[in-house]
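Student: just the structure for this:
(one chain, ligands or ions: 1)
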Amino acid sequence: MELMEVLRKRRSVRKYTNQIISDEALEKILSAGMLTPSGKGLKPWQAIVVRDPDTLAALYSCRQGGAKMLESATCAIAVFSDKEKTDTYIEDSSLFMGYMHLMASSLGIGSVWLQIRLRPSDQEGVTSEEFVRSLLGVPENMMPEAILVMGYPESQPDPNPMPEFPSEFVHYEKW
Ligand SMILES: Cc1cc2nc3c(=O)[nH]c(=O)nc-3n(C[C@H](O)[C@H](O)[C@H](O)COP(=O)(O)O)c2cc1C
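Tutor: The predicted structure is shown next:
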């Protein structure tokens, strides 16, 4: 598939069938993440793969009101980054997320970015970061960024339309 087609077909998918993601597909998704560029090539990210249904169910409360996409998810990759390793840890781990999201889509696996950084959890006075850190036993220096929630799509959203130019988002030469 041409890259532009892959990019257009990538959509956020929040409802999944019960089909399990194979180890092979999971490794491809993680490998795509590992191919992400990072500031000075320092790769500050760490990932926790969660497939245990009890842990997936517990993760539901990581966001205020509940992270509904976790209700049918068969897998989640929680992404953390080492803030002591580099000052570009947020950019680096965001790209890590994005590459995995795109690879999942190209394999026919639905996924969605679940924001953890700067969000409240469903527990009074507990942030999403604190919730995830405690549930998954994450060390203090590792910053919870986001979770890629995954599963085979219950239905496939339409591809995004091709951008049109001129565009309100693009300036040439000056603002
Ligand atoms: C930084 C970031 C944070 C996001 N956080 C969430 C989230 O917490 N929950 C959610 O359902 N979708 C989240 N999304 C997915 C966006 O809502 C989605 O990408 C956007 O609506 C465009 O739709 P599309 O991905 O289908 O093209 C996030 C995406 C990004 C890039």
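
Student: residue ranges for the strands of the protein, please.
Tutor: 45-50, 75-82, 110-115, 142-151 (DSSP state E).

Student: give the contact list for the most centrally placed residue in the chain.
Tutor: Geometric centre of the chain, nearest residue: Leu148, 2.8 Å, by Cα atoms, centre = their mean. Taking Cβ atoms under 8 Å, 6 or more residues apart in numbering, we find Leu148 in contact with 76-77, 79, 97, 100-101, 104, 111-114. (Glycine included, C-beta is placed from N, CA and C.)

Student: try Ser72
Tutor: 15-18, 151, 154.

Student: ok, of the residues you listed, which come out buried?
Tutor: Among the contacts of Ser72, the ones that count as buried by 16 or more other Cβ atoms under 10 Å are 16, 151.

Student: farthest-separated two in the contacts of Ser72?
Tutor: Longest distance between any two of the contacts of Ser72 is 11.4 Å, between Lys15 and Asn18; criterion Cβ to Cβ.

Student: got a list of what Tyr60 touches?
Tutor: Listed by Cβ under 8 Å, 6+ apart, the contact set of Tyr60 reads 66-67, 70-71, 122.

Student: tell me the pLDDT of the closest residue to the residue nearest to the centre of the chain other than its chain neighbours.
Tutor: The shortest distance from Leu148 to any residue other than its chain neighbours is 4.4 Å, reached at Ile77 (Cβ to Cβ, 6 or more residues apart in numbering). Ile77 is assigned 99 on the pLDDT scale.

Student: which strand residues bridge Ile77?
Tutor: Counting by DSSP bridges, Ile77 is bridged to Val49, Leu148.

Student: ok, Leu118 - contacts?
Tutor: Counting by Cβ under 8 Å, 6+ apart, Leu118 makes contact with 127-129.

Student: cool, and Met103?
Tutor: Met103 makes contact with 28-29, 31-33, according to Cβ under 8 Å, 6+ apart.

Student: the ligand: which of those is nearest?
Tutor: Closest to the ligand out of these is Gly33 (14.8 Å), distances taken as Cβ to the nearest ligand atom.

Student: do I have it right that that closest one meets Leu102?
Tutor: No: Gly33 lies out of contact with Leu102 (Cβ atoms under 8 Å); the separation is 9.9 Å.

Student: between these two, who's got more neighbours?
Tutor: Neighbour count, other Cβ atoms under 10 Å: between Gly33 and Leu102, Gly33 has more, with 23 against 19.

Student: any idea how far the more buried one is from Ser81?
Tutor: According to Cβ to Cβ, to the nearest Å, Gly33 stands 12 Å off from Ser81.
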